[in-house]
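>>> return a 3D structure for these sequence lines:
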Amino acid sequence: KNESKINDGLDSYPISIRSINWIKFLSKNKINDPLINNILFKHVKYLKSNIEYHILGNHLLENAFALIFSGYYFHDKSLYNKGKEILFSELDEQILNDGGHFELSTMYHQIILYRLLDLIALINYNNWRGDNLISYLKKITSKMLSWLNNIIYDDMTFPMINDAADNICPSPKNIFDYSKKLKIPLKNIKLSESGFRKWRLGKAEILIDISSIKSSYIPAHSHADTFNFELIYDNKPIIIDPGVSTYENTKSRNNERSTMFHNTININSKSSSEIWSSFRIADRANVNVLKDENSKIVVSHDGYKKLKCVHKRTFTKNNYSFEITDLVQSKEKKIICQSNLHFNYNFKPILKNNIIQIDNLDIILINYIKPKLIYYNCPNGFNKYKKALKLVSNIDSSSKLIFKLK
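Next up, the predicted model:
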């Protein structure tokens, strides 16, 4: 009865998600209740007047999705046109040339991609608007499908890159099945602008991260993970990006976004980009790609410029091995370089004489100083953990990892 009371305490992001869910539910169950529709319409009107321009990124896309869904549901051109305006602008900015979403989270990539498939289905099955939106959506969706297809592993699992967790987004299999039903063509666009590379070596799959922060004005879901990597062997995750367990502003959140929680090098126990609050990053590392070939990648970053250090990492693929060489060039005498490798909780690696033995893999540690295996809390979804082992070791300014596949 009182619109101000209905709108009291509303938040645009939950409104976006709830509106879509309600419209799906009401439509599927053929419910046409004036009271429900009235409240839903008031909420959508509030959303239209409170677009999340102050947050941007995936929030803006969710606002656009909800407005288009609501435009179709209520046959309201103003809602539809506003959603379409935001969608065209944001997708052009947020989807990179290789199809990746610019926040570089596999989880959010899949959430957005599934929403786009929903929009295509909505337009296909409802003869209301006859403009050019659907051809544009199919073009963007095809690019995003390509990126997802290139980033996932052979067993259809996805890496927990940046902010990502299990059981939150639709699975890659569900997404590809959905896209086939909608007859969306699957392109094969080489990984490039997003900063990820994927190598295959026998039964091994190697994901390499040489990206800078792409969404420079909204790094909320980014981590200080410069030169991180993952190693999958025989469809089993061996070395992993653990992902996240929380968005709360806690020690766990700061730790899970830190360089120390990724498979790379930190200096003086500091992160390569400064992590603060739950969704902030400052003094960010800039990546310089020196060589980018099929079997050799050479990169450096300046994330430790305050320590007068440059970290250079070389990834090399040989016939039977994969190597990572690290070189820390410093003008400071008192620096401590440390390497971390995070193992999946299903494995118990054995460390002996600077060689890690795990499954059918030997990892040879060169210039690693007193390496040790310690337990860490590996995220297993939001607010869930499993004990797993990680390698922690100080290293010389020049060091190497050699992964020998059996």
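
>>> for the record, mean pLDDT for stretch 71-90?
Mean per-residue pLDDT for stretch 71-90: 96.

>>> tell me which element residue 63 falls in.
Using DSSP states H and E, residue 63 sits in helix 58-74.

>>> low-confidence bits of this structure, can you list those?
By pLDDT under 70, the low-scoring segments of the chain are 1-10, 130.

>>> what is the neighbour count of residue 36?
Using other C-beta atoms under 10 Å, the number of residues around residue 36 comes to 13. In this view, the C-beta of every residue, glycine as well, is placed from N, C-alpha and C.

>>> and for residue 287?
Counted with other C-beta under 10 Å, residue 287 comes out at 19.

>>> that one contacts residue 300, correct?
Yes - in this structure, residue 287 is within contact of residue 300 by C-beta atoms under 8 Å, at 7.5 Å.

>>> what about the strands in the stretch 151-300 of the chain?
Secondary structure of the stretch 151-300 of the chain (DSSP state E, counting those that start in this stretch): strands at 196-201, 204-209, 229-233, 236-239, 265-267, 274-276, 280-282, 287-292, 296-301.

>>> take these and write them to CSV, including distance to residue 22.
Converted to CSV, those look like this (distance: least, C-beta to C-beta, whole Å):
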stretch, distance to residue 22
strand 196-201, 36
strand 204-209, 38
strand 229-233, 38
strand 236-239, 37
strand 265-267, 46
strand 274-276, 37
strand 280-282, 33
strand 287-292, 43
strand 296-301, 46
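
>>> to residue 35, which of those lies closest?
Shortest distance between residue 35 and those, using C-beta to C-beta, is found for strand 280-282: 42.1 Å.

>>> follow-up on the earlier one: looking at the strands of the stretch 151-300 of the chain, which is nearest to residue 50?
strand 280-282 (23.1 Å).

>>> can you list the strands that the closest one pairs with?
strand 274-276 (antiparallel) (DSSP bridges).

>>> and for the partner strand, what's in contact with it?
223, 224, 254, 257, 258, 281, 282, 283, 284 (C-beta atoms under 8 Å, 6 or more residues apart in numbering).

>>> which residues touch the spatially most central residue of the chain?
Centroid check for the chain by C-alpha atoms, centre = their mean gives residue 105 as the closest residue, at 1.4 Å. Applying C-beta under 8 Å, 6+ apart, we find residue 105 in contact with 161, 162, 163, 164, 221.

>>> could the residues you listed go into a markdown table alongside neighbour count?
Formatted as a markdown table, the contacts of residue 105 follow (neighbours: other C-beta atoms under 10 Å):
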| residue | neighbour count |
| --- | --- |
| 161 | 26 |
| 162 | 26 |
| 163 | 23 |
| 164 | 24 |
| 221 | 22 |
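
>>> any idea which of those residues is closest to residue 192?
Using C-beta to C-beta, these come closest to residue 192 at residue 161, 15.9 Å.

>>> mind checking how far that closest one is from residue 104?
Plainly put, residue 161 is 6 Å away from residue 104 if you go by C-beta to C-beta, to the nearest Å.

>>> with residue 237 instead?
To residue 104, residue 237 is 19 Å away according to C-beta to C-beta.

>>> out of those two, which sits in the busier spot?
More neighbours surround residue 104 than the other of residue 237 and residue 104, with 27 against 21 (other C-beta under 10 Å).

>>> check which helix or strand covers the more buried one.
Assessed by DSSP H and E, residue 104 sits outside every helix and strand.

>>> what sits against the nearest residue to it once chain neighbours are set aside?
Counting by C-beta to C-beta, 6 or more residues apart in numbering, residue 104 lies nearest to residue 162, which is 5.3 Å off, once chain neighbours are set aside. Residues counted as contacts of residue 162 (C-beta under 8 Å, 6+ apart) are 103, 104, 105, 106, 221, 222, 223, 225.

>>> the last one contacts residue 243, doesn't it?
Right, residue 225. No - using C-beta under 8 Å as the test, residue 225 is too far from residue 243 to be in contact (11.1 Å).

>>> what ranges does the stretch 301-406 of the chain have for its strands?
For the stretch 301-406 of the chain, applying DSSP E, counting those that start in this stretch gives strands covering 309-317, 321-330, 337-342, 350-352, 355-358, 361-379, 385-405.

>>> mind giving me the packing neighbours of the longest one?
Spelled out, it's strand 385-405. strand 321-330, strand 337-342, strand 361-379 (3 or more C-beta pairs under 8 Å, 6 or more residues apart in numbering; DSSP states H and E).

>>> closest one to residue 126 among those strands?
By C-beta to C-beta (comparing all of these), the closest turns out to be strand 361-379, at 39.6 Å.

>>> how far out from the middle of the chain is the closest one?
25 Å (C-alpha atoms, centre = their mean, to the nearest Å).

>>> got the buried residues for that strand?
361, 363, 364, 365, 367, 368, 371, 373, 376, 377, 378, 379 (16 or more other C-beta atoms under 10 Å).

>>> for stretch 168-175, same thing?
Buried residues in stretch 168-175 (16+ other C-beta under 10 Å): 169, 171, 172, 175.

>>> from those residues, pick the one nearest residue 356.
residue 172 (29.8 Å).

>>> if I pick the closest one, what's in contact with it?
The contact partners of residue 172, by C-beta under 8 Å, 6+ apart, come to 110, 148, 152, 156, 157, 158.

>>> please repeat the previous calculation with a cut-off of 7 Å.
Contacts for residue 172 were tallied using C-beta atoms under 7 Å, 6 or more residues apart in numbering; they are 148, 152, 156, 158.

>>> of those residues, buried ones?
By 16+ other C-beta under 10 Å, the contacts of residue 172 give 148, 152, 158 as buried.

>>> give me the neighbour count for residue 39.
13.

>>> same thing with residue 119?
Using other C-beta under 10 Å: residue 119 sits among 22 other residues.

>>> was I right about it contacting residue 137?
Yes - contact criterion C-beta atoms under 7 Å: residue 119 and residue 137 qualify, at 5.7 Å.

>>> which of the helices and strands packed on strand 385-405 sits closest to residue 213?
Of the helices and strands packed on strand 385-405, nearest to residue 213 by C-beta to C-beta is strand 337-342, at 20.2 Å.

>>> packing partners for that closest one?
Strand 337-342 makes packing contacts with strand 265-267, strand 385-405 when contacts are defined by 3 or more C-beta pairs under 7 Å, 6 or more residues apart in numbering; DSSP states H and E.
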